[in-house]
Each structure stands twice: as structure tokens, then as C-alpha cells.
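Visitor: Task: produce atomic coordinates for the following.
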Amino acid sequence: MSKNGKVSKQKNVKANCRIFALAQQKGGVGKTTTVINLGAALVGLGYKVLLVDFDPQGALSAGVGVDSYSLKQTIYDAMVDSDLELEKIILSTQMGCDLLPGNIDLSAAEVQLANEPGRDQILKEKFAPLVTKYNYILIDCPPSLGLLTLNALAAATDVIIPVQTQYFALRGMALLLKTIKKVQTRINQNLKVFGILPTLHDNRTTHAKEILEDLASNYPDMLLKTIIPQTIKLPDSAIAGKSVLSFSNNSSAAQAYKNLAQEVINRG
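Guide: Here you go, the predicted model:
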């Protein structure tokens, strides 16, 4: 959305759609917040964007003002019904992004699909008709490394790893990167780690600064330039069902997500 509040003219959609999985097995690190606000920033620059709520918590759907529990069909139905096309359940949102809604029903998908042939490729196959319709598809993964996350990684071209700049957020990074490496080797050779995104960063604390230094030291080639600050504007915008760009366009968080969108575009 431009400064005058109008949605920018959309750019032409090309066949080389980029699919970003936002993955991290730890919850509360800003995956959903990043999907919403990165999506809003890309829409503001004129791109066609699809948000995918692939987390059984359904926070992404709620965050863009959709009550997924009142819907007859969600992405869960498309995952378990081979005949149901994703296009039939895509919704428009007030942000300008489209949405594939999800809810708690997704928690049953891993059990129901456990014995399905090619069970980790289902989402990729479902995405096939959509790649010529969108510039960017952003997947909000669940906080686990189960079948849903594997499906997202199998379908993605890129993965962004949000990491809160706190000690406990660093735990499990090696396991996540090992899982991504296995996916790259066995399932999706085209998958790239786009980068590690520091989130909820409180620059006033020594602890947060030290964690950021540790990330830069341990993952120098993966750490993104953008840092998402800790600010009340993010939870306030989520409660309002808006992106932080429309809720508080001049805030530090809004600027950070604009910077992230530009980083995504520039490194395309």
C-alpha cells in the first residue's frame, strides 16, 4: 500500500513465482507476523501475493481478519481430497493479499496422510496451477518439523528462518538446518535458505545484542540485513486485524518489513 493509502498497480505475474516457507520449530518467534507484514509490503510494491495458513493454530487467517472456523473448506480439505483444487478455497483479504485459510483441522492431516504415497509432495502438486498467478507465495509453517513443514519445504523455492534474539530461540537451529539439508538432498534440490531473520529484537538489552552477534558469527552467510524490532505496534496491529504497514506506517516495525520486502526483491 502506498503512502496515500491506495494499493499500487500490480506487476505482471511471471511463471517464476517464488514460494517462501517461514519455518522454525520454536513457536512465538514471529513467523505469522512476518508472513502478514512481508506480504503487505510486497503488495504495496505492486506484487501479487498469496498467504498460506499451514499452521493448525490458524493465527494467520485470524491475523488478516478471516474466521477460518466458520468456513466450510480450508487448506486441510484440499490436502486430504485429491480432487479439491486450492483455487476453490482462496479468499481475498482487506490487505490486498489472497489467503489460503487454515485452522485446527490441519492437526489431523499428518495422521490422515501418513500412509499416502508421496505424502510430502502433496502441497507442491497442489501449488502447480498457482505459480503463474502469483509473484510470491508465503507459507506460515507450524512450529514443528512434522509432515506439514516437510510439505511446505518440498513446495518452496526459499526458506526464511525467523529467530528471536533470545538464547532459547537459538536452541534447535542445528536440527532445523539439518532437516532443511535433508529436504534439499532427498526431496527438493531447488530449495534455498534465503536467510535467518532476527525478530523481536530489543536493542536496549545486552543479551539481545549478544545473540545477534552470535548469529552473525555462527551463520555469517545466512543472516539477513533486516532486523525486526520488538515493538507494541506489532501485537496491536495483529489485534486490529491489520498489517503494521496500514496500522502504523511510520513505525520502526513497518519500515523493517518494507526493508525485508526490498531485500527479498533485490536477492531474487
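Visitor: For stretch 99-112, buried residues please.
Guide: Burial within stretch 99-112, assessed by neighbour count using 16 or more other CB atoms under 10 Å, is assigned to 99-103, 105-106, 109-110. Bear in mind the C-beta positions are built from the backbone N, C-alpha and C, glycine included.
Visitor: N203: neighbour count?
Guide: When counting by other CB atoms under 10 Å, one arrives at 12 neighbours for N203.
Visitor: er, K225 actually
Guide: For K225, using other CB under 10 Å, the count is 13.
Visitor: Test my guess that it contacts E263.
Guide: Yes: judged on CB atoms under 8 Å, K225 makes contact with E263 at a distance of 6.0 Å.
Visitor: Show residues contacting the lowest-mean-pLDDT helix or strand in the chain.
Guide: Within the chain, no helix or strand scores below helix 167-170, which has a mean of 76 by mean pLDDT, DSSP states H and E. Under the contact criterion CB atoms under 8 Å, 6 or more residues apart in numbering, helix 167-170 has outside partners 26, 29, 163, 207, 211, 214-215.
Visitor: same thing but at 6 Å, please
Guide: 26, 29, 163 (CB atoms under 6 Å, 6 or more residues apart in numbering).
Visitor: Stretch 239-248 now?
Guide: Residues contacting stretch 239-248 (CB under 6 Å, 6+ apart): 1, 36-37, 40, 65, 95, 233-234, 237, 253-254.
Visitor: okay if I get these as a markdown table plus distance to R267?
Guide: As requested, those are exported to a markdown table (distance: CB to CB, whole Å):
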| residue | distance to R267 |
| --- | --- |
| M1 | 23 |
| I36 | 21 |
| N37 | 18 |
| A40 | 19 |
| G65 | 30 |
| M95 | 23 |
| K233 | 26 |
| L234 | 24 |
| S237 | 26 |
| A253 | 21 |
| A254 | 21 |
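Visitor: Let's see the PyMOL selection covering just the buried ones among those.
Guide: Selection of the buried residues among these in PyMOL, burial being defined by 16+ other CB under 10 Å:
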select buried, resi 1+36+37+40+95+233+234+237+253+254
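Visitor: what are the ranges of the helices in the stretch 101-250 of the chain?
Guide: 109-112, 122-127, 147-155, 167-170, 173-186, 206-218, 233-239, 244-247 (DSSP state H, counting those that start in this stretch).
Visitor: Highest mean neighbour count out of these?
Guide: Highest mean neighbour count among the helices of the stretch 101-250 of the chain (mean count of other CB atoms under 10 Å): helix 147-155, with a mean of 25.
Visitor: Not counting that one itself, show me its contacts.
Guide: Under CB under 6 Å, 6+ apart, the answer for helix 147-155 is 19, 21, 23, 54, 110, 120-124, 127, 139, 141-142, 183, 187-188.
Visitor: Direction-wise, compare it with helix 173-186 and give the angle.
Guide: Interaxial angle, helix 147-155 versus helix 173-186 (axes from the mean of the first three to the mean of the last three CA atoms, to 10 degrees): 50 degrees.
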